[in-house]
Each structure stands twice: as structure tokens, then as C-alpha cells.
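Chemist: structure for this input, please:
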Amino acid sequence: FIQACRGDDFDKATDVPDSGTADIARYLDHDATDGSEFQSLPAQADMLIAYATTPGYVSWRNSEHGSWFIQAIDEVFRSQAYNEELCAMMVEVNKVVARDFEATGHHKQMPSPIIQLLKKFYFRPGYPS
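Modeler: Below is the predicted model:
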């Protein structure tokens, strides 16, 4: 863990409905002055950005099967999306790419997800493919 600044900008909060207390229609019509059912969250909350590789490194692709990263996403999501949440699947994608793929010359790749989710996210709970 590194506690350090990464720039000079300040995070301007975004008001969103408090979980379960306001429906989307009320959120869209929200008057920022009432604030009774809203909480302040960072503007970048509830995002997941999954990069194929870490900064400064190449992302490998097989000319017949496609990129290692997309192959791993396809494999992991097809087998786990019915009962696993997104962050856990991204850890598995990291493991598949890091362990199961290697280019000539002993070259590897490490995906680099940025996870800013506030809750667990499921694609298809309970629906096996």
C-alpha cells in the first residue's frame, strides 16, 4: 500500500441515492438541497477499469486465438459468472494470464485492474451457462 499524491486535482463528490432508500426516478429528480436520502461519494466511485497489462509493458496476442487477456476473460467469465462476483473473477483472470500464457523468450504479462467498486457486482447469479 502506498499513501501518496498522484496529482494536484481535488475529487469533487457526486451525490447518489443511499442504497435502497430512493429509486432511480427520485434520484434523477433530486434537489441537492434536501440531502435527506443521499450520501456523498467520490466522483470515481463504482468503476472498474481492467487494463490488459501494467504501465510500460506490452500486451500479448496470439495470431490465431487473440489476446491473452481477452482469452482469459472469456474463459473465466464463461465458467464463473453465474456464481462469482466481478472482483474475484478479475483476480482469476490475473492468475490465468500470469500463469497460463508465455511468449517466446520467456515473456509474460500481468493484467492491471483498477477496482473502485463499492459493492460486489454479479453478472448472472444462479444461471450456469
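
Chemist: after the worst-scoring helix or strand of the chain on mean pLDDT, which helix or strand is next? Please name it.
Modeler: Lowest mean confidence among the helices and strands of the chain (mean pLDDT, DSSP states H and E): helix 24-28, at a mean of 49. Proceeding N to C from helix 24-28, the next assigned helix or strand is strand 38-41, under DSSP states H and E.

Chemist: alpha carbons only: can I get that next one in CSV?
Modeler: This file holds the C-alpha atoms of strand 38-41, laid out as CSV (Å, rounded to 0.1, in the frame of the first residue of the first chain):
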residue,chain,number,x,y,z
PHE,A,38,-28.4,10.9,-0.3
GLN,A,39,-24.8,10.4,0.7
SER,A,40,-21.7,12.0,-0.7
LEU,A,41,-19.4,9.7,-2.8
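
Chemist: what lines up beside it in the sheet?
Modeler: Using DSSP bridges, strand 38-41 pairs in its sheet with strand 14-17 (antiparallel).

Chemist: ok, the closest residue to Tyr127 other than its chain neighbours to Ala50 distance?
Modeler: When the adjacent residues along the chain are set aside, Tyr127 lies closest to Tyr82, with 4.9 Å between them (C-beta to C-beta, 6 or more residues apart in numbering). For every residue, glycine as well, the C-beta is placed using N, CA and C. Taken as C-beta to C-beta, to the nearest Å, the spacing of Tyr82 relative to Ala50 amounts to 20 Å.

Chemist: and Ala103, what is it in contact with?
Modeler: Residues counted as contacts of Ala103 (C-beta atoms under 8 Å, 6 or more residues apart in numbering) are Trp60.

Chemist: report how many residues lie close to the residue nearest to Tyr127.
Modeler: Here the number of neighbours of Tyr82 (other C-beta atoms under 10 Å) works out to 15.

Chemist: surely it meets Arg124?
Modeler: Yes. Judged on C-beta atoms under 8 Å, Tyr82 makes contact with Arg124 at a distance of 5.2 Å.
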